[in-house]
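Participant: Give the three-dimensional model of this entry:
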Amino acid sequence: MQQLVFLPDNAPFTESQRAWLNGFVAGLLGMERAQATPGATPPAAEPQVDEDFPWHDPTLALEERIKLASGRPFERQLMAAMGQLDCGQCGYLCKTYAESIAIGAEADLGKCVPGGRITAKKLKELLAHRTSAPATRPAPVAAPPIVERGYGRAAPVPARLISSAPLSAPGSEREVRHVALELDESALLYEPGDSLGIWPCNNPDEVELLIAILRAKGSEAVTLPDGAVISAREALGRECDLRAPSDALYALLAREAKDEVDRSRLSKLAEDDSRADALGVHDVLDALLEFPSARPSIVEFVAALGRMQPRLYSIAC
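Facilitator: Residues are numbered from 1 along each chain as shown. This is a model prediction of the structure:
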């Protein structure tokens, strides 16, 4: 390869110094590569194609959305199973939540609040029938960024409820409420149109009943997915979703059931819980009452529950 020359022969340097300096300057300017292929031009960038998402419509039925995503990359099929509202209650948008699941960076399939159990079931079904390995290995989990209190899911602030009044007429298909909160002491800054995420707490009487049914104390230490260690009572009160029993809970109860009939029914529910309502199982408490022979340890019980998700409300004023 021909060496690039930047310094004239009459420069006040020895031949070896001049050669070293020429190489040094060439390296800085990145010109040696260009010299190696004279006349070469960089490859033209591929034109960016806008991707369409015809399934990204919350008015479409789930199976119709899945059909529209047929033949698309796996992460787009997962996206079609979401609620399509981009509401942010899961901590993502529909597209990015699906992408995180596809590469294995997100394992919780129950974060889509609008989609609920139906979306979680479809995600599980799609993953079970996946024909290709993840395209990218999940990157090491980085330490979460420090979020100012009140401006992130991981740093909520307490607020006092002033009122909660219905705006929709009795018997309406959808209930709409006007919720007023006392936020003066929180120092939150917001504008009309922003969204306010509210973390609910579970009924303390229901929490105590669950602890009693499991013959536990409630003071047992449990570890949350983020590594935090708190008491089982705290976890059941503000960290665990006590509404819809998870597949993991049904599987745990099936494993712990002493009665063979209970074990068989629970195993079927772990695979397909579409008949849960017909059995009178509408929430976690119902699951324990319906199958009295299944009594796991409270530590395993908490670990098998879904995580609590915030409810998002639009700020009107």
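
Participant: from here on, contacts and neighbour counts on C-alpha atoms
Facilitator: Noted.

Participant: Which residues are in contact with residue 90?
Facilitator: 97, 111-113, 309 (C-alpha atoms under 8 Å, 6 or more residues apart in numbering).

Participant: Among those, name the ones in strands.
Facilitator: Using DSSP state E, no member of these sits in strands.

Participant: Out of those, who's the most crowded?
Facilitator: residue 112 (28 neighbours; other C-alpha atoms under 10 Å).

Participant: ok, now which ones touch it?
Facilitator: 82-83, 89-90, 119-120.

Participant: returning to what we had before: from the contacts of residue 90, which is closest to residue 250?
Facilitator: residue 111 (18.3 Å; C-alpha to C-alpha).

Participant: right, and the closest one touches residue 311 too?
Facilitator: No: the criterion here is C-alpha atoms under 8 Å, and residue 111 misses it with residue 311 at 11.4 Å.

Participant: any residues in contact with both of these two?
Facilitator: Shared contacts of residue 111 and residue 311 (C-alpha under 8 Å, 6+ apart): residue 89.

Participant: Could you pull out the strands in the stretch 101-250 of the chain for me?
Facilitator: In the stretch 101-250 of the chain, the segments counted as strands under DSSP state E, counting those that start in this stretch are 160-166, 177-182, 195-198, 221-223, 229-231, 240-241.

Participant: Show me the shaky parts of this structure.
Facilitator: 1-13, 16-49, 132-147, 317 (pLDDT under 70).

Participant: Would you map out the domains in it?
Facilitator: Domain ranges of the chain: 1-40, 62-128, 204-312, per automatic domain parsing.

Participant: how about CSV for those, with distance to residue 197 added?
Facilitator: Shown next, in CSV, are the domains of the chain (distance: least, C-alpha to C-alpha, whole Å):
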stretch, distance to residue 197
domain 1-40, 51
domain 62-128, 8
domain 204-312, 4
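
Participant: for the ones you listed, which one sits closest to residue 162?
Facilitator: Once the domains of the chain are compared by C-alpha to C-alpha, domain 204-312 is nearest, at 17.2 Å.

Participant: Among the contacts of residue 90, give me the pair with the biggest separation.
Facilitator: 97 and 309 (14.4 Å).

Participant: would a markdown table of the contacts of residue 90 with distance to residue 248 be doable?
Facilitator: As requested, the contacts of residue 90 are exported to a markdown table (distance: C-alpha to C-alpha, whole Å):
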| residue | distance to residue 248 |
| --- | --- |
| 97 | 21 |
| 111 | 15 |
| 112 | 17 |
| 113 | 18 |
| 309 | 17 |
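
Participant: tell me which of these is nearest to residue 131?
Facilitator: residue 97 (19.9 Å).

Participant: Can you name the residues that contact that closest one?
Facilitator: 79, 90-91, 106.

Participant: do residue 232 as well
Facilitator: By C-alpha under 8 Å, 6+ apart, the neighbours of residue 232 are 218-222, 298-299, 302.

Participant: repeat for residue 274
Facilitator: Residue 274 makes no contacts at all, as judged by C-alpha under 8 Å, 6+ apart.

Participant: Distance of it relative to residue 60?
Facilitator: 21 Å (C-alpha to C-alpha, to the nearest Å).

Participant: Could you pull out the helices in the stretch 101-250 of the chain for me?
Facilitator: Using DSSP state H, counting those that start in this stretch, the helices of the stretch 101-250 of the chain run over residues 116-128, 204-213, 232-238, 247-256.

Participant: any chance of these in CSV, plus distance to residue 182?
Facilitator: Formatted as CSV, the helices of the stretch 101-250 of the chain follow (distance: least, C-alpha to C-alpha, whole Å):
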stretch, distance to residue 182
helix 116-128, 29
helix 204-213, 22
helix 232-238, 20
helix 247-256, 37
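
Participant: which two in the contacts of residue 232 are spaced the farthest apart?
Facilitator: 219 and 302 (12.5 Å).

Participant: Since that was my last question, I'll sign off now.
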